[in-house]
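S.K.: My questions are about this predicted structure, shown below with the sequence.
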Amino acid sequence: MLNSKRIVFAGTPEFAVPVLRRLIDNGLNLVGVYTQPDRPSGRGRHISRSPVKLLAIEYAVPVMQPVTFKEAAVCREFRMLRPDIMIVAAYGQILPTSILDVPKYGCLNVHASLLPRWRGAAPVARAIEAGDTTTGITIMLMDAGMDTGAVIAKSEINVDHSDNSVTLMEKLAALGAEVLLRCLPDYLSGELTPVPQDEVHATYAPKLKKSEASIDWARSAEDIRNKIRALNPWPVAHTKHQGNRIRVLEAEITDDTDPGAPETCGSVCRVDKRGIAVACGQGMLRLTKLQRDHGKPLPARDFLNGYSIAKGDRLLCNLQREP
């Protein structure tokens, strides 16, 4: 039954690639792939094709890249594909009801959280930032709301202290492909009934902004560490030192004590080959991977070979002035 269904896929970043690859590897009838338009990226602003587009081209699956689904011609093109079902994974556009209502079996979304927790654009980063110890994948029947549709299936995984948005997204991408392919036959045969979400437990995961990236050393060491993990690889948490911006890509909570160290938040309490220990509003954080503007990300030991930070120095947030 599954192989006979006409499937349209919509996705854009690396997260969506394992899902599309599993659909292809299982020999399913993919009649079209939608992905975001090619856009300039990187320092050279070269035009870049999405990871999903590259995979679709490799397997000769027709690719569509509309700027919006609000145009009548785009909707007509979609209807001409005669999809039985649409699979969506991090597509990057809101689909109107004129699209959602076309497939016989609706549109299924592979969402990187345990809905109704973390609806929205950045569920992985927000889960890490909040210190969640578990997250997962939800397969949801899409409706007109923002990740409000009924749930088809869920699968949970642990969030490790070492996870950042890159590593956790990779785990969830693989899990999403597995869960979708596991539940899709039962859904299409009518053996799975979508279950409405409990609105009481809904939380939201707004899109990340550059303005969030400045580290506030008055926060607890745990909060700051979670923020550093969440904002890696973008926009990357940063601090100021003697007028220079320093990006912090990795850090760990430390139990180091130094009775002679200043108590002011952001003060450097220790500098050694293990990293830069900084006093926080509660606890102490050791910075272990750093990057200067236009420089390479480096382990603390290598970073300190080319940049001088000493015990007693102050690290500041963007809103603070140098003393």
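M.R.: That came in fine, so what should we check first? Residues are numbered from 1 along each chain as shown.
S.K.: thinking Asn109 is in contact with Val88, fair?
M.R.: Yes: assessed by Cβ atoms under 8 Å, Asn109 is found in contact with Val88 at 4.6 Å. (Each C-beta comes from the backbone N, C-alpha and C, glycine too.)
S.K.: okay, and the common contacts of those two?
M.R.: Between them, Asn109 and Val88 share these contacting residues under Cβ atoms under 8 Å, 6 or more residues apart in numbering: Met142.
S.K.: State the helix or strand in which the residue nearest in space to the middle of the chain lies.
M.R.: Geometric centre of the chain, nearest residue: Val124, 4.6 Å, by Cα atoms, centre = their mean. Taking DSSP states H and E as the definition, one finds Val124 inside helix 123-129.
S.K.: On the C-terminal side of that helix, identify the next helix or strand.
M.R.: Following helix 123-129 toward the C-terminus (DSSP H and E): strand 134-141.
S.K.: buried set for that following strand?
M.R.: Under the neighbour-count criterion of 16 or more other Cβ atoms under 10 Å, strand 134-141 has Thr135, Gly136, Ile137, Thr138, Ile139, Met140, Leu141 buried.
S.K.: now do stretch 75-93
M.R.: Result for stretch 75-93 [16+ other Cβ under 10 Å]: buried residues 75, 78, 81, 83-91, 93.
S.K.: Tell me which of those fall in strands.
M.R.: Within those, residues falling in strands by DSSP state E are Ile85, Met86, Ile87, Val88, Ala89.
S.K.: Closest one of these to Tyr187?
M.R.: Taking Cβ to Cβ as the measure, Ile85 is the one of those closest to Tyr187, at 8.6 Å.
S.K.: pretty sure the closest one contacts Ser4?
M.R.: No: with contact defined as Cβ under 8 Å, Ile85 does not reach Ser4; the gap is 11.4 Å.
S.K.: What is the burial count for Ala72?
M.R.: 8 (other Cβ atoms under 10 Å).
S.K.: how close does it get to Trp217?
M.R.: Distance of Ala72 to Trp217, computed by Cβ to Cβ, to the nearest Å: 53 Å.
S.K.: try Gly11
M.R.: Counting by Cβ to Cβ, the gap between Gly11 and Trp217 amounts to 38 Å.
S.K.: which one of the two has more residues nearby?
M.R.: For Gly11 and Trp217, the more surrounded residue by other Cβ under 10 Å is Gly11, and the numbers stand at 28 against 21.
S.K.: which residues does that one form a beta bridge with?
M.R.: Per DSSP bridges, the residues bridged to Gly11 are Ala89.
S.K.: now swap in Ala277 and tell me
M.R.: Arg270, Arg286.
S.K.: contacting residues for it?
M.R.: Neighbour list for Ala277: Thr254, Asp256, Asp258, Val268, Cys269, Arg270, Val271, Met284, Leu285, Arg286, Leu287 [criterion: Cβ under 8 Å, 6+ apart].
S.K.: now swap in Ala125 and tell me
M.R.: Applying Cβ under 8 Å, 6+ apart to Ala125 gives the contacts Ser165, Ala205, Leu208, Ala230, Leu231.
S.K.: now swap in Ser165 and tell me
M.R.: By Cβ under 8 Å, 6+ apart, the neighbours of Ser165 are Val124, Ala125, Ile128, Arg229, Ala230, Leu231, Asn232, Pro233.
S.K.: how close does the closest residue to it other than its chain neighbours sit to His201?
M.R.: Distances taken as Cβ to Cβ, 6 or more residues apart in numbering put Ala125 closest to Ser165, at 4.9 Å, once the chain neighbours are dropped. Distance from Ala125 to His201, counting by Cβ to Cβ: 20 Å.
S.K.: At which residues are the helices of the chain located?
M.R.: Secondary structure of the chain (DSSP state H): helices at 17-25, 51-58, 72-80, 97-100, 123-129, 165-188, 221-230, 300-306.
S.K.: Mean neighbour count, those: which tops it?
M.R.: helix 123-129 (a mean of 25; mean count of other Cβ atoms under 10 Å).
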